[in-house]
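Asker: here is my input; please provide its structure:
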Amino acid sequence: MTNNSIGDPGHGHSPAAWTNIIIMLVALSIGTVALFIDQMWLVWASAALFVVGPITGVILSKAGYGVRGPKYQTKAH
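Answerer: As a prediction, the model looks like this:
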């Protein structure tokens, strides 16, 4: 296994990536339940929240919480 960091964006182990995924999972869960109970306004609201997830991830990444950001601390596994 080589340690080639050229062009490697990382594996998403950053606060920006986790926040992105958590927001999207919550929105998907809410949307699924809302569709099951036939609340279409809540389905569309969860779809809007789903779009907010990646936007939040990009904003946090640019704020330094991405994989190579200055505020990100790598953790030993």
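Asker: please count neighbours and contacts with C-alpha atoms only from this point.
Answerer: OK.
Asker: for this structure, which residues score under the pLDDT cut-off?
Answerer: Under the criterion pLDDT under 70, the flagged ranges of the chain are 1-12, 73-77.
Asker: which SSE is the residue nearest the centre of it in?
Answerer: Among the residues of the chain, Asn20 comes closest to the average C-alpha position under C-alpha atoms, centre = their mean, at 1.4 Å. Using DSSP states H and E, the element containing Asn20 is helix 15-36.
Asker: name the helices or strands packed onto whichever helix or strand comes after that helix?
Answerer: Later in the chain than helix 15-36, the nearest helix or strand by DSSP H and E is helix 40-60. Judged by 3 or more C-alpha pairs under 8 Å, 6 or more residues apart in numbering; DSSP states H and E, helix 40-60 is in contact with helix 15-36.
Asker: would you mark the buried spots in the helix it packs on?
Answerer: For helix 15-36, the neighbour count (16 or more other C-alpha atoms under 10 Å) marks 15-17, 19-21, 23-24, 27-28, 30-31, 34 as buried.
Asker: just want the angle from that helix to helix 40-60.
Answerer: Relative orientation of helix 15-36 versus helix 40-60 (axes from the mean of the first three to the mean of the last three C-alpha atoms, to 10 degrees): 170 degrees.
Asker: contacts for helix 15-36, please.
Answerer: 12, 40, 42-47, 49-58, 60-61, 65-66, 72 (C-alpha atoms under 8 Å, 6 or more residues apart in numbering).
Asker: check contacts around Trp44.
Answerer: Contacts of Trp44 by C-alpha under 8 Å, 6+ apart are Gly31.
Asker: going through the contacts of helix 15-36, which ones are buried?
Answerer: Buried among those (16+ other C-alpha under 10 Å): 42-43, 46-47, 49-50, 53-54, 56-57, 60-61, 65-66, 72.
Asker: verify the contact between Gly64 and Tyr72 for me.
Answerer: Yes: look at Gly64 against Tyr72 with C-alpha atoms under 8 Å: they come within range, at 6.8 Å.
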